[in-house]
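Undergrad: Based on what follows, work out the 3D shape:
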Amino acid sequence: MMLFLFVGCSSSKEIAVKPSWYFQQVSEKNEIIGYGEASSCSEAKSEARDDIAKQLMVSVESEMEVTQDSDANYYAKNKLQESVEKITLRGVGLAHKPEQVGDRCYVAMRYSLEPLLFKVALIAQNEEVEEMRRSSLLAHSIFAKQLESKLGYIPKFTLTFIGSQPSLHIAQENILLTQIEMRLMVFEKYSKSISLAVDPSETLHVNDKYFLRLEVKHADYLSVIYIDENYNARVGIKNQYVEQEKSLEYPEKSALMAGISSTEQQVKEMYVALLCEEPLNLSPFSRLDEQANVDKDALKLSELFILAEACESTSVVITVEK
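TA: Numbering: from 1, shown residues only. The predicted structure is shown next:
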């Protein structure tokens, strides 16, 4: 009985050590609260930031409906940890001042879920980010136009992928993007060297058939990349050498067919044509006409931007509706 009482008192004392406010903070609608506990308050703050990052990752994964492979649990755990380590959170503040209890420090921190435009504009203003080159594909995105309207110029930013999670990289900081925010990265760019059009229309319904029409002004290597609704990119035309003033139709035989793989009523897809002096290294990436594992084998959008730097490029956005 004495042993039982001793253990019982010991457990109660251990539970009572934590402050009454710990895990009891009320979060506003557009914020996340993270909690940290460590031997020092600086370590506790770091733990709280990690807690926020994990919640943010889960939120983004849920919204984007990311699917996993056959090792779902193991893969998801590793990807989440890898992503958390690479996330930089800006604008994290104290939700409750640190409290030292014995040899442990407890802290609660809050992170505001401000709109993407607000976050990026704030970083650009505080860090004096250099201007993006007008030839960049991203400079023609919907989001770039929003930034230019707000700031008067387009600060340089790039897209990166942490596993399947897209993020916007600016001034050494990564901001995770939701599916809605990724749609702002859709772009249309026009070139004097190459034109790209959808025949019969850029607005299609599911099962509509269509072709791509290309006009090439000068001789070079032509590649056409298809970007689906999930921002995977696959190769349609791969380093085809074309003569000056050449007209092409893709595909040459059977037409393409519009479709939607998600539950949405409308999606945006893109085709990007690249005209390059030298052949591109597209061998690691899947072809549009192949039955490949798209999530694993497809070219990622961030890699497309790197490839396009050395080429003339043009793009067209198609809208598919159910």
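Undergrad: Report the separation between the two terminal residues of stretch 189-202.
TA: 15 Å (Cα to Cα, to the nearest Å).
Undergrad: Quick one: distance of it to the chain centre.
TA: 26 Å (Cα atoms, centre = their mean, to the nearest Å).
Undergrad: Only the buried residues of that stretch, if you could.
TA: Lys189, Ser191, Ile194, Ser195, Leu196, Val198 (16 or more other Cβ atoms under 10 Å). Backbone N, C-alpha and C define where each C-beta goes, glycine included.
Undergrad: Dump those residues into a markdown table; add secondary structure and distance to Lys97 as well.
TA: As requested, the buried residues of stretch 189-202 are exported to a markdown table (DSSP: H, G, I helix; E, B strand; the rest coil; distance: Cβ to Cβ, whole Å):
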| residue | secondary structure | distance to Lys97 |
| --- | --- | --- |
| Lys189 | coil | 50 |
| Ser191 | coil | 56 |
| Ile194 | strand | 60 |
| Ser195 | strand | 61 |
| Leu196 | strand | 58 |
| Val198 | strand | 58 |
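Undergrad: what about the strands in the stretch 51-200 of the chain?
TA: Taking DSSP state E, counting those that start in this stretch as the criterion, the stretch 51-200 of the chain carries its strands at 92-101, 104-112, 158-162, 165-170, 173-176, 194-199.
Undergrad: ok, and for the longest one, which residues are buried?
TA: To tie it back to what came earlier, the one meant is strand 92-101. Under 16+ other Cβ under 10 Å, the buried positions of strand 92-101 are Val92, Ala95, His96, Pro98, Glu99.
Undergrad: what's that strand packed up against?
TA: Judged by 3 or more Cβ pairs under 8 Å, 6 or more residues apart in numbering; DSSP states H and E, strand 92-101 is in contact with helix 41-64, strand 104-112.
Undergrad: Let me have the buried residues of strand 92-101 in TSV, extended by distance to Glu43.
TA: Converted to TSV, those look like this (distance: Cβ to Cβ, whole Å):
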residue	distance to Glu43
Val92	15
Ala95	17
His96	16
Pro98	11
Glu99	14
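Undergrad: Which single one of the residues you listed is nearest to Asn207?
TA: Val92 (47.9 Å; Cβ to Cβ).
Undergrad: Check the gap between that closest one and Tyr106 for me.
TA: Val92 sits 16 Å away from Tyr106, going by Cβ to Cβ, to the nearest Å.
Undergrad: What of Leu116?
TA: Counting by Cβ to Cβ, the gap from Leu116 to Tyr106 is 32 Å.
Undergrad: Of the two, which one has the most company?
TA: Of the pair Leu116 and Tyr106, Tyr106 is the one with more neighbours under other Cβ atoms under 10 Å, namely 24 against 20.
Undergrad: which ones are touching that one?
TA: Lys18, Pro19, Tyr22, Tyr35, Gly36, Glu37, Ala44, Pro98, Glu99, Gln100 (Cβ atoms under 8 Å, 6 or more residues apart in numbering).
Undergrad: mind redoing it with 6 Å?
TA: By Cβ atoms under 6 Å, 6 or more residues apart in numbering, Tyr106 lies in contact with Pro19, Tyr22, Glu37, Glu99.
Undergrad: Closest to Ala144 out of those?
TA: Closest to Ala144, out of all of the contacts of Tyr106 and judged by Cβ to Cβ, is Glu37, at 41.9 Å.
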